[in-house]
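Asks: Here is a sequence with its predicted model. Questions after.
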Amino acid sequence: MSADAYATLVGSQRGSSQEEILGHAERLKTAPVRHQAFCLQQPNGEPLAYGQIALDGTLAGLFDIVTVAAHRGQGWGRTLCTELLLEARRQGALEAYLQVAVDNAPAQALYAGLGFQRAYRYHYRSDDPRTWPEGV
């Protein structure tokens with residue numbers, strides 16, 4: 001799936017603005033590690049979940065895992081992540097990582113069930129007001 005198509009579909013599930021969608025697509029296009037985006041679908045083509053892998057040698061990152069709102073809680077996220085990990089393994093990955101929001105308990109439970117463990121928490125900070133968006 002192209003960066004533009006993927007960013008648009010994932011952005012629509014997240015309620016992203018057009019500006020955010022365009023920024024997401026641009027980051028995917030210019031990332032130093034090639035993104036590989038996937039959509040898990042029903043046999044009739046109805047989308048169930050989206051996700052991508054980025055491989056860097058034997059290390060695979062899972063990114064932008066999103067289950068379509070109408071299909072959450074039905075196991076599609078687990079199915080998608082399992083398939084993403086299998087695809088990463090087929091391409092030579094031996095280890096995997098991901099990031100999840102601290103307030104996303106369902107996703108944390110999903111990833112723990114797949115064997116992921118919390119390595120650390122992260123956050124961003126800047127004490128330089130010149131780097132803050134206008135109006136802040």
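Replies: Received the coordinates, thanks. Numbering: from 1, shown residues only.

Asks: Tell me where this protein has helices.
Replies: Taking DSSP state H as the test, the helices found in the chain are 3-14, 18-30, 76-90, 105-113.

Asks: Output the ones you listed as TSV; include the columns mean neighbour count and distance to Pro43.
Replies: Any C-beta I mention is one placed from the backbone N, CA and C, and that applies to glycine too. Converted to TSV, the helices of the chain look like this (neighbours: other Cβ atoms under 10 Å; distance: least, Cβ to Cβ, whole Å):
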stretch	mean neighbour count	distance to Pro43
helix 3-14	18	19
helix 18-30	14	28
helix 76-90	17	14
helix 105-113	14	23
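
Asks: remind me which residues of the protein are low pLDDT?
Replies: Low-confidence segments of the chain (pLDDT under 70): 123-126, 135-136.

Asks: quick one, which of the helices of the chain is nearest to Gln36?
Replies: Of all the helices of the chain, it is helix 76-90 that lies closest to Gln36, at 7.5 Å by Cβ to Cβ.
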